[in-house]
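Asks: task: produce atomic coordinates for the following.
(one chain, ligands or ions: 1)
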Amino acid sequence: MYSDEHVGATGEPLKDVLAIGIGGSFLGPLFVHTALQTDPEVVEFAKGHQLRFLANVDPIDVARNIIGLDPETTCVVVVSKTFTTAETMLKARALWEWISSALSAGGVLPLSLQYGFLIVENGEQPQ
Ligand SMILES: O=P(O)(O)OC[C@H]1O[C@](O)(CO)[C@@H](O)[C@@H]1O
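Replies: Just a heads-up that it's a prediction; the model follows:
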């Protein structure tokens, strides 16, 4: 994403990432992020981009974390093994609403949101 190759719903390059997930679905991505911070090439590549994690159950966490982010250029990444975790689903819905209301106001079809929303799961069907 940091190469400007991936664009959002309006065609603007995606710039920042909001990662949603709790427990292991937060710690895994955080581990990778922390490990990559020791690589100078990655650090250089990531300049001007932000990665924010939404990892707790606080309902005002979403409001606090979207400050300064542009819905047009933010990629929301939802990480969950089950996609049944209430806190994660609540935050995913809130961010879907944040992006879709902003882009609908600009005349963009919500369907295009697929380019600004990324789902990460374990590939198994829920039981
Ligand atoms: O990845 P999911 O399905 O959203 O589940 C998250 C839950 O799973 C755990 O990571 C345990 O596997 C918990 O810490 C957390 O509450």
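Asks: what's the pLDDT at the residue nearest in space to the middle of the chain?
Replies: Here the mean C-alpha position of the chain is nearest to the C-alpha of residue 76 (C-alpha atoms, centre = their mean), at a distance of 2.1 Å. Each residue has a pLDDT score; the one for residue 76 is 89.
Asks: same check, this time on residue 29
Replies: At residue 29 the predicted local distance difference test score is 93.
Asks: so for the closest residue to it other than its chain neighbours, what's the pLDDT?
Replies: In space, and not counting its chain neighbours, residue 29 is closest to residue 19: 5.4 Å by C-beta to C-beta, 6 or more residues apart in numbering. C-beta coordinates here come from the backbone N, C-alpha and C atoms, glycine included. On the pLDDT scale, residue 19 is placed at 94.
Asks: picking up where we left off before, how close does the residue nearest to the centre of the chain sit to the ligand?
Replies: Using C-beta to the nearest ligand atom, to the nearest Å, one obtains 15 Å as the distance from residue 76 to the ligand.
Asks: that residue touches residue 99, doesn't it?
Replies: Yes. The criterion here is C-beta atoms under 8 Å, and residue 76 meets it with residue 99 at 6.8 Å.
Asks: the residue nearest to the centre of the chain belongs to a strand?
Replies: Yes. Residue 76: assigned to a strand according to DSSP: H, G, I helix; E, B strand; the rest coil.
Asks: just the pLDDT for the residue of the chain found nearest the ligand.
Replies: The nearest approach of the chain to the ligand comes at residue 23, 2.0 Å away (C-beta to the nearest ligand atom). If you check residue 23, the pLDDT there is 94.
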